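In: Just to be clear, the model below is a prediction. Sequence and coordinates:
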Amino acid sequence: MAFIPYRPSLTPRARRLRRESTPSERRLWYEFLRYLPQKFTRQKPLATYVVDFYCSRQRLVIELDGDSHFNPAAHRYDAERTRVLEALGLRVLRFTNAEVMASFDSVCMEIRAALEA
C-alpha cells in the first residue's frame, strides 16, 4: 500500500478539526465508524487536504458536507478535491450533514457496501 504524502503544516489544523467536530461528524464517528473492524482516522491530512474520515486499508475517504459546500465556488473546490484524491487511488464518498442526521441508517449502509466492494 503506497504512502500518501501530506503537508505536515496541516497537522495542527487536523487536530483542531478533531476537537471541533460537527454534530454529524460526531454522530457518524461515535455511532458507527469507530466500531467497524476497518480502522478509520478522523480529520486525516492527505495530499493538500484534511479529509473528514479515512480508512487506509480500504483507501476510502468519507467527506461530510455542511452548508458552506452549497454554492458554485464550493462545488468547484469539492470537485477538484475529489479529483485529486481519486488520482491518488482513493475512493471518495460524500454525504451532506443533513443526510447523516436524517438518513443515518442509509448512510451507514452505503459506507458498509463501499467497504465490502
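Out: Thanks, I have it. Residues are numbered from 1 along each chain as shown.

In: Please make it C-alpha for all contacts and neighbour counts, starting now.
Out: Will do.

In: what's the following helix or strand after the longest helix seen in the chain?
Out: In terms of residue count, the longest helix belonging to the chain (DSSP state H) is helix 72-87. Once the chain leaves helix 72-87, the next helix or strand it forms, by DSSP states H and E, is strand 91-96.

In: Just confirm D105 is within a helix.
Out: Yes: the assignment for D105 by DSSP: H, G, I helix; E, B strand; the rest coil puts it in a helix.

In: Just give me how far the longest helix of the chain sits from the chain centre.
Out: A distance of 13 Å separates the centroid of the chain from that of helix 72-87, by C-alpha atoms, centre = their mean, to the nearest Å.

In: Show me the shaky parts of this protein.
Out: Counting by pLDDT under 70, the chain contains low-confidence ranges at 1-2, 67-70.

In: And the strands in it?
Out: In the chain, the strands defined using DSSP state E lie at 41-46, 49-55, 60-65, 91-96.

In: can you pull the buried residues of the last one?
Out: Residues R91, V92, L93, T96 are the ones in strand 91-96 that count as buried (16 or more other C-alpha atoms under 10 Å).

In: Next one: R112 from Y49, what distance?
Out: Look at R112 and Y49: by C-alpha to C-alpha, to the nearest Å, they are 24 Å apart.

In: And L64, by the same measure?
Out: Taken as C-alpha to C-alpha, the spacing of L64 relative to Y49 amounts to 14 Å.
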